[in-house]
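Undergrad: Any chance you can model this:
(one chain, ligands or ions: 2)
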Amino acid sequence: MSSIPRFDLREFTGGGDAARREFASGLVAGLKRYGFIVVSGHGVPQALMEDAYRASAAFFALPEAEKRRHAGALRGYTPFGIEHARQSDKPDLKEFWQIGHEPAPGLTVEHPNTWPEHPAEFRATFTALFDALFDAGGSLLSAIALDFGLEEEFFDARIAGGQSLLRLLHYPPVPEGTDPGCVRAAAHEDINLITLLIAANGAGLELLDRDGRWLPVEAGREDIIVDTGDMMARITGGVLPATTHRVVNPAGPNVSRYSMPFFVQPRSEVLLEPLPGCRSDAEPITAGEYLNQRLKEIGLPAA
Ligand SMILES: O=C(O)CCC(=O)C(=O)O
Ligand SMILES: [Fe+2]
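TA: Ligands and ions are numbered 1, 2, ... in the order given. The predicted model follows:
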């Protein structure tokens, strides 16, 4: 029963001038009103999304000791019970794997990735998914820039080779005897500029709407859910606020849930200062410093 707006990204990536402007203003209005919108036509092939769900499930099914061989840094594996929302001292009921930019000709990256040996197709699948989500994220940021009266390319150099992260999440069946105060993901705001979320695999995601009600977020299997994070709220002086969201424990069968958020984040040295035309009282801070402060608050290693 959600009335979250839906958009077809092809209106922007392939449309004429008027369609592109209409897309951009609808997107920004939707993000202002709800903080979340749903997009189709995003260019991420459905077959790649299905391959990614399969590779993710195959990885998380490995023995704990094998997964933990890649733990300890921001990229790679984060075991169950580590991350907690900053407003909560109880850990979330999830494990995850994180992937950053791979180096490419002409593109230096800030940190190398680590890759598991199994499943064999993991690296190729998630490198392709990262690139496709990065392209879609770039188009969404171009639309936001357009609506804010900026050059459409405004964000391009700021995010190229930056700290963007693809997170593969696994919420296992809630273990017996779990502290009743623990949830799959406690209420939080994302840290980054925007998040593109592949999350059609199992219900549970809810957003806090501007009227203070929790709304279930429903999307089709091929859709991507998009929300704004705290970095975007900061550089727009709150014009695009970050929306509070959570993942609740299953009401029905106690089964695993898999999702794949992609956090679009600038290069570390980019200053988080108000966009031209936006006002903010927050002190300018680099994206790298801000990210590391926030990661520490949620129990994760520095970027
Ligand atoms: O699993 C989901 O659907 C949402 C995950 C999320 O909000 C996050 O990792 O920041
Ligand atoms: Fe989130």
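Undergrad: Let me see the backbone angles for residue 166.
TA: Main-chain dihedrals, residue 166, degrees, to the nearest 10: phi -100, psi 120.
Undergrad: How many neighbouring residues does it have?
TA: By other C-beta atoms under 10 Å, the residues close to residue 166 number 25. No exception for glycine: its C-beta is placed from N, CA and C like everyone else's.
Undergrad: Roughly how far does it sit from residue 77?
TA: 14 Å (C-beta to C-beta, to the nearest Å).
Undergrad: Not counting its neighbours along the chain, what's nearest the closest residue to ligand 1 within the stretch 201-303 of the chain?
TA: Proximity of the stretch 201-303 of the chain to ligand 1 (C-beta to the nearest ligand atom) peaks at residue 259, 3.4 Å away. Closest residue to residue 259 apart from its sequence neighbours, by C-beta to C-beta, 6 or more residues apart in numbering: residue 199 at 3.9 Å.
Undergrad: and what of residue 302?
TA: Residue 302's closest residue in space is residue 292 (C-beta to C-beta, 6+ apart), at 4.7 Å.
Undergrad: Okay, and that neighbour sits in which element?
TA: In the assignment (DSSP states H and E), residue 292 maps to helix 287-297.
Undergrad: picking that back up, and the residue of the stretch 201-303 of the chain closest to ligand 1, that's in a helix?
TA: No: assessed with DSSP: H, G, I helix; E, B strand; the rest coil, residue 259 is strand; it does not lie in a helix.
Undergrad: Number the residues from 325 up from this point.
TA: Fine by me, first position is 325 from now on; the one you just mentioned is residue 583.
Undergrad: wait, doesn't it sit right on residue 519?
TA: No: using C-beta atoms under 8 Å, residue 583 makes no contact with residue 519, being 10.8 Å away.
Undergrad: now the strands: where do they sit in the stretch 375-524 of the chain?
TA: 400-402, 419-423, 489-495, 509-512, 518-522 (DSSP state E, counting those that start in this stretch).
Undergrad: which of the ones you listed sits most buried?
TA: strand 518-522 (a mean of 26; mean count of other C-beta atoms under 10 Å).
Undergrad: Show me what that one is packed up against.
TA: helix 446-471, strand 548-552, strand 581-588 (3 or more C-beta pairs under 8 Å, 6 or more residues apart in numbering; DSSP states H and E).
Undergrad: Is ligand 1 within reach of stretch 388-404?
TA: No: using C-beta under 6 Å from any ligand atom, stretch 388-404 stays clear of ligand 1, with a minimum separation of 10.8 Å.
Undergrad: per-residue confidence averaged over that stretch?
TA: Mean pLDDT, computed over stretch 388-404, is 96.
Undergrad: Return the set of buried residues in that stretch.
TA: Within stretch 388-404, the residues that count as buried by 16 or more other C-beta atoms under 10 Å are 391, 394-395, 397-402, 404.
Undergrad: how about the residues of the stretch 525-627 of the chain that lie near ligand 1?
TA: So far as C-beta under 6 Å from any ligand atom goes, the stretch 525-627 of the chain lies against ligand 1 at 529, 569, 571, 583, 585.
Undergrad: among these, which two are most distant?
TA: 569 and 583 (11.6 Å; C-beta to C-beta).
Undergrad: Return every residue with contacts to both of these two.
TA: residue 529 (C-beta atoms under 8 Å, 6 or more residues apart in numbering).
Undergrad: what's the closest non-adjacent residue to residue 620?
TA: Residue 620 sits nearest to residue 626 (C-beta to C-beta, 6+ apart), 7.2 Å away.
Undergrad: How about residue 415?
TA: residue 405 (4.4 Å).
Undergrad: who touches the one you found in this structure?
TA: So residue 405 contacts 415-417 (C-beta under 8 Å, 6+ apart).
Undergrad: Among those, name the buried ones.
TA: 415-417.
Undergrad: would TSV of these with distance to ligand 1 and pLDDT be doable?
TA: Converted to TSV, those look like this (distance: C-beta to the nearest ligand atom, whole Å; pLDDT from 0 to 100):
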residue	distance to ligand 1	pLDDT
415	13	96
416	8	96
417	11	97
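Undergrad: Distance to residue 500 added to these, as TSV?
TA: As requested, those are arranged in TSV below (distance: C-beta to C-beta, whole Å):
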residue	distance to residue 500
415	17
416	18
417	12
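Undergrad: Now the nearest residue to residue 344 once chain neighbours are set aside. Its backbone dihedrals?
TA: What sits nearest to residue 344 in space, not counting adjacent residues and going by C-beta to C-beta, 6+ apart, is residue 336, at 5.2 Å. Phi and psi for residue 336, reported as degrees, to the nearest 10, are phi -90, psi -50.
Undergrad: How many residues are close by residue 336?
TA: 24.
Undergrad: That one contacts residue 348, correct?
TA: Yes: the criterion here is C-beta under 8 Å, and residue 336 meets it with residue 348 at 6.8 Å.
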